[in-house]
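K.L.:
Everything below, folded, please.
(one chain, ligands or ions: 1)
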Amino acid sequence: MTLFAARGLVKRFGGVSAVDGVDIDVADGEIHALIGPNGAGKSTLVNLISGLLRPDAGTLTLDGADLTRMRADRRVRAGLSRCFQVTSIFRDATVRDNLLLAVQAHAGGHFRCFGVRDAEPALREAAFGLARRVGLEADFDRVAGALPHGAQRKLDVALALAARPRLLLLDEPMAGMGPDESARMIELIAALRRDAAILLIEHDMDAVFQLADRVSVLVYGRVLAAGTPAAIKADPRVQSVYLGTEGER
Ligand SMILES: Nc1ncnc2c1ncn2[C@@H]1O[C@H](COP(=O)(O)OP(=O)(O)OP(=O)(O)O)[C@@H](O)[C@H]1O
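P.N.:
Here you go, the predicted structure:
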């Protein structure tokens, strides 16, 4: 059942252990949220998982494959996609062209069976299917940079889905959104569990407690507690960490 496992992950920056012996499991079909106060090590952990940073110790496996020393692009091919907070979008290109590029980049041999003449419609169909998956079909011909922030985040999610991931890493998908956009993103993420398991890093506690099957709480680079949202909410250690810090964002 375990799809993804981090074991004993350590990352030090000089004297600071930003990540200090972290274990995290994500099961097939699960939404696992990672929360923690500012400076807890969440970004460092995400960078270790996606391959932007190398750990000083520990291992990462996805569906039995050892990712620990794999390059970031290889990890994508192994089934791990990360949303990059809209930085992966070509702002001057249309939604269609952004998605076509992503579909083509990840297609490999997938569309070869259609032959050269039929490959283009198949690619276009796949691109439109991704737009539909995230609710951007009406914006298919719009320039990405002109879309509202929430729609750009959806496009970013669609670009990550183009790799047909087993595990989707969502790094603060609700950041910078108003309540309406957040509500729509929560609906989208809930629906995405059919496509991939999700590791969700998010400051919006309402979103976390609505979406997550399990929550891990990171504090000073260590997992302080892990469990169901109800257990995490009731945990006095978690409550004491969040007293006075939850309202900061
Ligand atoms: N490149 C770096 N060089 C030195 N120290 C770093 C570096 N990156 C992170 N740190 C330190 O590691 C610790 C964890 O930082 P990290 O950014 O991973 O936390 P975070 O939980 O993502 O915080 P936030 O919620 O504020 O984004 C902090 O003490 C931070 O100062």
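K.L.:
Quick check: which helices or strands does the helix or strand bottoming out on mean pLDDT in the chain pack against?
P.N.:
Ranked by mean pLDDT, DSSP states H and E, the helix or strand of the chain with the weakest confidence is helix 115-133, at a mean of 82. Helix 115-133 sits against helix 95-107, helix 149-161, with contacts defined as 3 or more C-beta pairs under 8 Å, 6 or more residues apart in numbering; DSSP states H and E. Using the backbone N, CA and C atoms, a C-beta is placed for each residue, glycine as well.
K.L.:
so what does the last one touch, helix or strand wise?
P.N.:
So the one you mean is helix 149-161. Applying 3+ C-beta pairs under 8 Å, 6+ apart, we find helix 149-161 packed against strand 80-83, helix 95-107, helix 115-133, strand 167-171, helix 179-192.
K.L.:
Now that helix: buried residues?
P.N.:
Buried residues in helix 149-161, defined by neighbour count with 16 or more other C-beta atoms under 10 Å: 150-161.
K.L.:
what do you get for the first one?
P.N.:
By neighbour count, with 16+ other C-beta under 10 Å as the criterion, the buried positions of helix 95-107 are 95-103, 106-107.
K.L.:
quick check, nearest of these to Lys42?
P.N.:
Nearest to Lys42 out of the buried residues of helix 95-107 is Ala102 (C-beta to C-beta; 25.8 Å).
K.L.:
Who are the contact partners of the residue lying closest to that closest one once chain neighbours are set aside?
P.N.:
Nearest non-adjacent residue to Ala102, counting by C-beta to C-beta, 6 or more residues apart in numbering: Ala162, 3.7 Å away. The contact partners of Ala162, taken as C-beta atoms under 8 Å, 6 or more residues apart in numbering, are 99, 102-103, 105-106, 126, 130.
K.L.:
try Ala158
P.N.:
99, 102, 130-131, 133-134, 136.
K.L.:
got it, and Arg69?
P.N.:
Contacts of Arg69 by C-beta under 8 Å, 6+ apart are Arg54.
K.L.:
So it: helix, strand or coil?
P.N.:
Here Arg69 is coil, with the state taken from DSSP: H, G, I helix; E, B strand; the rest coil.
K.L.:
which parts of the chain sit against the ligand?
P.N.:
13, 16, 18, 36, 38-44 (C-beta under 6 Å from any ligand atom).
K.L.:
Any chance of a ChimeraX selection covering the buried ones in the residues you listed?
P.N.:
Buried residues among these (16+ other C-beta under 10 Å), as a ChimeraX selection:
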select :18,36,40,41,42,43,44
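K.L.:
Next step: the residues of the chain next to the ligand restricted to strands.
P.N.:
Judged by DSSP state E, the residues of the chain next to the ligand include 13, 16, 18 as members of strands.
K.L.:
Just list whatever residues bridge to the second one.
P.N.:
Beta bridges link Val16 to Phe13, judged by DSSP bridges.
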